[in-house]
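A.B. asks: A structural model of the following input is requested.
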Amino acid sequence: MTRTALPAAAATLLLSSQAALADCEADARAAMLDVAHPVPMRQNVTTEMSGATIESFALSTPDGRGMALDANETPVSLWIGGRFYSSADGGESWSLVSEQTREQLDAQAAGRQTQADEATNIVCDYDIDLDGKAVHRFALDYALAGSGIPVKSQYWIDAKTRFPWRVVHEFGGAAPSVITQNNEPVDELTIPDPDG
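C.D. replies: Numbers count the residues shown, from 1 in each chain. The predicted structure is shown next:
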C-alpha cells in the first residue's frame, strides 16, 4: 500500500503543480490584455531613454478615454476610442491628429493577443506587498507586434480589485528604454470631447 501511495501522491503533486503553472500563465497573459482598468485612474509615468529621464502624467477612464499631460501637468494630447488629438495651448483647443478605423483597432487588439499568447519566461508572485497593498506581480517577455522589438513587462495587480498599481515595460532593440507607470485610482475624471 505504501508503494502505491507514494506514486499517487507524486502524481497528485505533479498535477497540482501543472495546474498552478497553467493558472499562472493564464493570469499573467490576462494582466497583459486587461487594458480596461476597473476605475478611472491617474498614471504617473517615468520614461528612461538614452540617459535622459522624462516625467509625465496621463488620465484615463475605463471606457477608453484618456489625456496625456507633460511634466507641468499641462494637457498635450488626448484620445477617445480611435481618435487622437493634440493641443498647442494647454488644452484650450484640440486638433484631430488621426482617426483609426474599426479594422485598425481590431488589428491592434489581435496584435496584443498575439503578444500575450506568445509571451515567454512568465513569472507569477501571488499575494506580495507593494507599498502596503496586497498585489499579484506578473512578469513576461514578448516581441512587440509589428516591430519585433523585445519587451519585458511587469504588472503589479491588486489582489482583490485587479487595479494595476504599477506597470513597467523594458524595451530592447536599437533604442532601449524603460517606461514605469505608477497608477492611482481617482473618484471622478472628465476627459473633454472636442467633437462634443
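A.B. asks: report the distance from stretch 132-148 to the chain centre.
C.D. replies: Centre-to-centre, stretch 132-148 and its host chain are 7 Å apart (Cα atoms, centre = their mean, to the nearest Å).
A.B. asks: just stretch 52-68 next, same as before
C.D. replies: 12 Å.
A.B. asks: buried stuff in it?
C.D. replies: Buried residues in stretch 52-68, defined by neighbour count with 16 or more other Cβ atoms under 10 Å: S56, F57, A58, L59, S60, T61, R65, G66, M67, A68. For every residue, glycine as well, the C-beta is placed using N, CA and C.
A.B. asks: go on, stretch 140-147?
C.D. replies: Buried residues in stretch 140-147 (16+ other Cβ under 10 Å): L140, D141, Y142, A143, A145.
A.B. asks: residues making contact with that stretch?
C.D. replies: With contacts defined as Cβ atoms under 8 Å, 6 or more residues apart in numbering, stretch 140-147 is touched by 28-29, 32, 111-112, 114-116, 118-123, 149-153, 171, 173.
A.B. asks: what about K133, how many neighbours?
C.D. replies: Neighbourhood size, K133 [other Cβ atoms under 10 Å]: 15.
A.B. asks: contacts only, for A71.
C.D. replies: I54, E55, S56.
A.B. asks: how much space separates it from P164?
C.D. replies: Here A71 is placed at a distance of 22 Å from P164 (Cβ to Cβ, to the nearest Å).
A.B. asks: what of E103?
C.D. replies: From E103 to P164 the distance is 28 Å (Cβ to Cβ).
A.B. asks: okay, those two: which has more neighbours?
C.D. replies: P164 (21 against 8).
A.B. asks: can you verify S147 is assigned to a strand?
C.D. replies: No - counting by DSSP: H, G, I helix; E, B strand; the rest coil, S147 falls outside a strand, being coil.
A.B. asks: quick check: phi and psi on it?
C.D. replies: phi -110, psi -20 (degrees, to the nearest 10).
A.B. asks: repeat for Y155
C.D. replies: The phi/psi pair for Y155 (degrees, to the nearest 10) is phi -130, psi 130.
A.B. asks: now do the same contact list for it.
C.D. replies: Contacts of Y155 by Cβ under 8 Å, 6+ apart are A28, A31, M32, R137, F138, A139, P164, R166, V167.
A.B. asks: excluding chain neighbours, what is closest to it?
C.D. replies: A31 (4.2 Å; Cβ to Cβ, 6 or more residues apart in numbering).
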